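> this one's sequence-less:
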């Protein structure tokens, strides 16, 4: 093929794909889920803008590069180094990372008295992600295993990256105890009683 022929074939392929050449990754969903998490998390008292979005104290948009944002990024990058997670929907991986980050940081649903309260995974997160805690249990528990082993893993580049001050030292966060994490799913599935 000549250069001209290859260029024409590339143009034809791009035209057929409507120039939609991007691959969806968990990072595409992370911002949405983090914003939903900030709105519902009682550990993140932030002013709210007129559109309901959390802001910094001075009213500027919330900086995604916070401890929670870095921890979610870290967990997603750990997941993406494991071939089993590459087979999952990117939104599921992002939702599981947000759930595990909230559990690791001890951030529970601000509306715990709500009959739909789900502990570490709020009703707001359920709405925006399309998953409830029960849907994510297996994925979260597998991600938790990777989180526990990250320091001793053969491929430590992600761990080394996120243990720096630039990324808030989030790799040094002690993972939540497995039994506590597992029990959080049981709490989510308990029926609530109305009074």
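Good, I have the coordinates. Keep in mind that what you see is a predicted model, and the values were worked out from it rather than measured.
> Now stretch 95-109: buried residues?
Within stretch 95-109, the residues that qualify as buried are 95-105, 107-109, counting by 16 or more other CB atoms under 10 Å. C-beta coordinates here come from the backbone N, C-alpha and C atoms, glycine included.
> before we move on, what about stretch 175-187?
Of the residues in stretch 175-187, those buried by neighbour count under the rule 16+ other CB under 10 Å are 175, 176, 181, 184, 185.
> Show the contacting residues for the third one.
Okay, so that is residue 181. Contacts were defined as CB atoms under 8 Å, 6 or more residues apart in numbering; by that measure residue 181 touches 100, 103, 140, 141, 144.
> Return the residues in contact with the fourth one.
Put plainly, it is residue 141. Neighbouring residues of residue 141 by CB under 8 Å, 6+ apart: 178, 181, 182.
> Confirm that it lies within a helix, as I assumed.
Yes - note on residue 141: a helix contains this position according to DSSP: H, G, I helix; E, B strand; the rest coil.
> shaky segments in the protein?
Across the chain, residues meeting the criterion (pLDDT under 70) sit at 40-65, 110-118, 187-195.
> go again using 50 as the cut-off
Filtered on pLDDT under 50, the chain yields the residue ranges 42-54, 60-61, 112-117, 191-195.
> Neighbours of residue 25, how many?
When neighbours are defined as other CB atoms under 10 Å, residue 25 has 14 of them.
> And the contacts of residue 181, which two are furthest apart?
The largest distance within the contacts of residue 181, taken as CB to CB, falls between 103 and 141 and amounts to 10.9 Å.
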